[in-house]
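Q: Provided below for reference: sequence and predicted model.
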Amino acid sequence: MAVRGEMSEKTRSRIREPKRYQVIMHNDDYTPMDFVVDILMSIFHKNEAEANILMMKVHREGEAAVGSYSYDVAISKQRMAAALAAEEGYPFRLSVREV
């Protein structure tokens, strides 16, 4: 209750969760499956079983979401994986999509 002469002030804080972005791996006919598994383990921190399951999903379905991150982290992981693929001469493609 406000005392006479004092103003009562209401403040509302809206804390929103940051948007999430998925890193999507796309299938191609040239990038070796072992390389994809290595990327999944080293950059996306998947264990070997998860990496193999995701690699097969990419192979069978043409693409798969391999992780959900903040925008900066998703872009960073996409660029790291693409750079490693380019060093090896693979046309491996990843994209980032808002969840």
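A: Nice, I can see it. Here the structure is a predicted model, which is why all the values come from computation and not from measurement.
Q: from here on, contacts and neighbour counts on C-alpha atoms
A: Fine.
Q: quick one: low-confidence parts of the chain?
A: Within the chain, the set of residues satisfying pLDDT under 70 comprises 1-11.
Q: Leaving out chain neighbours, which residue sits closest to the residue positioned nearest the centre of it?
A: What sits nearest the mean C-alpha location of the chain, by Cα atoms, centre = their mean, is residue 23, with 3.4 Å. Spatial nearest neighbour of residue 23, chain neighbours left out: residue 96 (4.7 Å); criterion: Cα to Cα, 6 or more residues apart in numbering.
Q: same question, residue 46
A: Residue 46 sits nearest to residue 40 (Cα to Cα, 6+ apart), 5.7 Å away.
Q: How far away from the center of its chain is the helix or strand containing that neighbour?
A: Assigned by DSSP states H and E, residue 40 belongs to helix 33-42. Offset of helix 33-42 from its chain centre (Cα atoms, centre = their mean, to the nearest Å): 15 Å.
Q: returning to that earlier point: would you mind measuring from the residue nearest to residue 23 to residue 24?
A: For residue 96, the distance to residue 24 (Cα to Cα, to the nearest Å) stands at 6 Å.
Q: in the lengthiest helix in the chain, what counts as buried?
A: Using DSSP state H, we find that the single longest helix of the chain is helix 71-88. Buried positions in helix 71-88, judged by neighbour count with 16 or more other Cα atoms under 10 Å: 71, 74, 75, 77, 78, 81, 82, 85.
Q: The fourth one: what's it in contact with?
A: Applying Cα atoms under 8 Å, 6 or more residues apart in numbering, one finds that residue 77 lies in contact with 23, 43, 44.
Q: which among those residues gets closest to residue 65?
A: Comparing these against residue 65 with Cα to Cα places residue 23 closest, at 5.6 Å.
Q: Next up, the contacts around the residue nearest to residue 46.
A: By Cα under 8 Å, 6+ apart, the residues touching residue 40 are 46, 51, 66.
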